[in-house]
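A.B. asks: quick one: sequence plus predicted model below, questions after.
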Amino acid sequence: MSAEDPRQAAARYRLARDGEATPDAAEQPPRGSTAAERAAYVETAIQQAIRRGDFDDLPGAGKPLDLGAAHDPDWWIRRKIQAEQLTGLGPPALTLRVEHAEMAERLAAFAREDDVRAAVEDFNRRVVEARRQLLGGPPVVTPLHDVEADVAAWRERRAERERAPAASAPPPPRRRWRRRRR
């Protein structure tokens, strides 16, 4: 009874299923190979891929990696977040701090008082929930918002916006109408 390597059997099955030829035993390193043999196998596979042109025209080819001034082990995820313009990622303590700093601008976008109340209450609920969780990371030091004070400030800003355009806006341009010739 011969004990066949299950990985090789699975590879043969996948290749046979896809309609390709069964790989030779010489193409794959033996299971009990040494580190030097595995390194030689990997180097051969890389050289074959280079000759086939698998590495031609890759994005960023020939350009240096921009690692920044200081060594940052998470440089790749930071670059991905910037490239994709992702927001809301990170520990709750940090995302809530950013949201707290931008709260006035966020509330200014609402048109109804009920929406402002709901947004502030939702923010407060998330702050309390983040304080209760012990997930690690930086501590949650973001303060809670006073719902009534934020609603009153929103009303004042809205009244100022409504008054400001009326007082400082130039008069609308006059339209000149001409009669059509018949």
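C.D. replies: Noted; the coordinates are in hand.
A.B. asks: which residues in the protein form strands?
C.D. replies: Counting by DSSP state E, the chain has no strands at all.
A.B. asks: name the nearest residue to the most centrally placed residue in the chain, sequence neighbours excluded.
C.D. replies: Taking CA atoms, centre = their mean, the centroid of the chain lies closest to L86, which sits 3.4 Å from it. If the residues on either side of it in the chain are set aside, L86 comes closest to K80, at 7.7 Å by CB to CB, 6 or more residues apart in numbering. For glycine as for every other residue, the C-beta is placed from the backbone atoms N, C-alpha and C.
A.B. asks: what's the burial count for the one you found?
C.D. replies: Close neighbours of K80, defined as other CB atoms under 10 Å, add up to 12.
A.B. asks: state the distance from it to G90.
C.D. replies: Distance, K80 to G90, using CB to CB, to the nearest Å: 13 Å.
A.B. asks: repeat for Q133
C.D. replies: On the measure of CB to CB, Q133 and G90 end up 14 Å apart.
A.B. asks: more neighbours: these two, which one.
C.D. replies: G90 (15 against 10).
A.B. asks: follow-up on the earlier one: pLDDT wise, what is the residue nearest to L86 at?
C.D. replies: You'll see K80 listed with a pLDDT of 80.
A.B. asks: with P92 instead?
C.D. replies: P92 is assigned 80 on the pLDDT scale.
A.B. asks: quick one: residues contacting it.
C.D. replies: For P92, the contacting residues are 126, 130, 133, 135, 137, 140, by CB atoms under 8 Å, 6 or more residues apart in numbering.
A.B. asks: so who does the residue nearest to the first one when sequence neighbours are not counted touch?
C.D. replies: Counting by CB to CB, 6+ apart, R126 lies nearest to L96, which is 6.6 Å off, once chain neighbours are set aside. Contacts were defined as CB under 8 Å, 6+ apart; by that measure L96 touches 123, 126-127, 130, 140, 142.
A.B. asks: relative to A149, how far out is L96?
C.D. replies: 18 Å.
A.B. asks: what of S33?
C.D. replies: Separation of S33 from A149 (CB to CB): 71 Å.
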